[in-house]
Structure formats: C-alpha cells, structure tokens
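K.L.:
take a look and give me a structure for this.
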Amino acid sequence: MEITRYILKTYLNCILLKCILAAGILLMTHGDVMGQSYSYIGVAGNYYRGELAEGLENAQPGIAIGYQHSFDGNFSIYTSLHIGRIQGQYEPGEEVPGLTGNREVNRYFSSDITSLQAGINWTWLRWTLMHSYVGLGLGMMNFSIEDQAGRNINEMPDTRIDGEGYSTQAMYSPIQIGINLFHSKKINILLEHSWNLTNTDYLDNIGYLGKKGSDTIVKRMVKIRYRFR
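P.N.:
Numbers count the residues shown, from 1 in each chain. From the prediction side, this is the model:
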C-alpha cells in the first residue's frame, strides 16, 4: 500500500510538472506576450539536511542553467536544469540522532543529483540598486548514492531494515528568496537562497531507521543573467 501511494503521488506530481513546463513554453513563445526574456547560468553551494546533518555544513558544488520570462516587472516564470552533489557524514563514535532501530547504518553518503524544475517568481521589493524576489516551483530529481568506498548504497540492503527499498527519483518543491543586482542592465547578478523540499527520506539512504520526515536540500546560488530584449 505504501509503494502504491508513492507511485500514485509521483505520477500526479509528474503530470503537474509537465503542465507547468508546457504552460511556460506556450507563454514564452506566444507572439502576443509582452515582457523580457532572460537566460542565466549559476553556481551553487548545496547543503543537505536530514538524519546525518541538521545544519548548513559541508557544502557541495552545483551548477544551473535556465530560462526566465518576465511579464510586467513583478511576475516571471522560469525553467531550469540543475546538476550537483550533496554529502553527509558522522564521525566514528558519534550518535546518529533519531534512529529507531539498532542496525548499523552507513555514516557517510554522497549523492549526485540531476534535476529539472519550473516555477514563478514575484518581485516584492524595489530599490534603486537592487530588487528582491520570492519564488515557488516544482521539480523532479534523479539521484545516485554512494558510500565512502564508491559503492552504490541503494544496492546494499543490509544498510536498511529487511525488505526496505526505494526509488532514486523524487519530486521536490523549491522555495526561493533572492536579490537582483544591476537589474536595469542587460547583464545582471542574482544572489539566491532556496529550500528544496523533497518527498523522499532516502537522499542519505536512511529511511525507516531514522526519524520521520523528508530530506531537504538548501542551495546558495550566484546567477549571471542575460536579457535578450
């Protein structure tokens, strides 16, 4: 029953993501749509929050490329592709908080993540030298997870409870806040902080053995954005 609910939830989220992407493409390519079009590239520090890490530590690299269309200066829609990594580790002898079983779990993981997301941003504050915005979106990610020896932890069932498995695909919702510097120029700089709330508890391979709740990816990103018109 749990697997059936997960498959249904993932399927519905996929449909919603496709609808958002299709709507964005139609709006951005329609000849009557007024506004400005941008492309951007960004570099990020990715922070994992889950059983093996609670705070913002051990940043891992990430990059992003995207397309954005602004309609009236206040609202814009975007699509973007993200490639990056997250990592978590507990030192020997330290307790892993929230464990509900007495099985030894992996104390280190590294996940490579590729994701596609789409969403909407709203500019809520305007100053002479910068604008500030907030955003909300929906995305899908695919991740591969390894231990310190480079082994695929997903294929090591003894690190989880008996019969426990999981998908390496997940949905997530990015919540963003950022500032836009040199917004009146053709090339501008965006500083962005985002919380990427996932629907999986397995980015670290720790599911039922850990505390309840999904894993989160926090990103701190610098974007260089170019305006086409």
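
K.L.:
identify the single longest strand in the protein, thanks.
P.N.:
Identified as the longest strand of the chain according to DSSP state E is strand 108-126.

K.L.:
by contact count, what packs against it?
P.N.:
helix 2-29, strand 75-89, strand 130-146, strand 169-181 (3 or more Cβ pairs under 8 Å, 6 or more residues apart in numbering; DSSP states H and E). (Each C-beta comes from the backbone N, C-alpha and C, glycine too.)

K.L.:
direction included, what does whichever strand or helix holds G62 pair up with?
P.N.:
Counting by DSSP states H and E, the element that carries G62 is strand 60-70. Taking DSSP bridges as the criterion, strand 60-70 sits next to strand 36-49 (antiparallel), strand 75-89 (antiparallel) in its sheet.

K.L.:
in that strand, which residues are buried?
P.N.:
For strand 60-70, a neighbour-count test (16 or more other Cβ atoms under 10 Å) marks 60, 62, 64, 66-70 as buried.

K.L.:
weakest of the helices and strands packed on strand 108-126 in terms of mean pLDDT?
P.N.:
For the helices and strands packed on strand 108-126, mean pLDDT drops lowest on helix 2-29, to a mean of 52.

K.L.:
residues contacting S76?
P.N.:
Going by Cβ atoms under 8 Å, 6 or more residues apart in numbering, S76 touches 35, 68-70, 120-121, 123.

K.L.:
if you could redo that for G45, that was the one I meant.
P.N.:
Per Cβ under 8 Å, 6+ apart, neighbours of G45: 59-62, 219-221.

K.L.:
try it again at 6 Å.
P.N.:
59, 220 (Cβ atoms under 6 Å, 6 or more residues apart in numbering).

K.L.:
re earlier: between the strands paired with strand 60-70, which one is nearest to G178?
P.N.:
Shortest distance between G178 and the strands paired with strand 60-70, using Cβ to Cβ, is found for strand 36-49: 10.5 Å.

K.L.:
contacting residues for L136?
P.N.:
Taking Cβ under 6 Å, 6+ apart, one finds 119, 175 in contact with L136.
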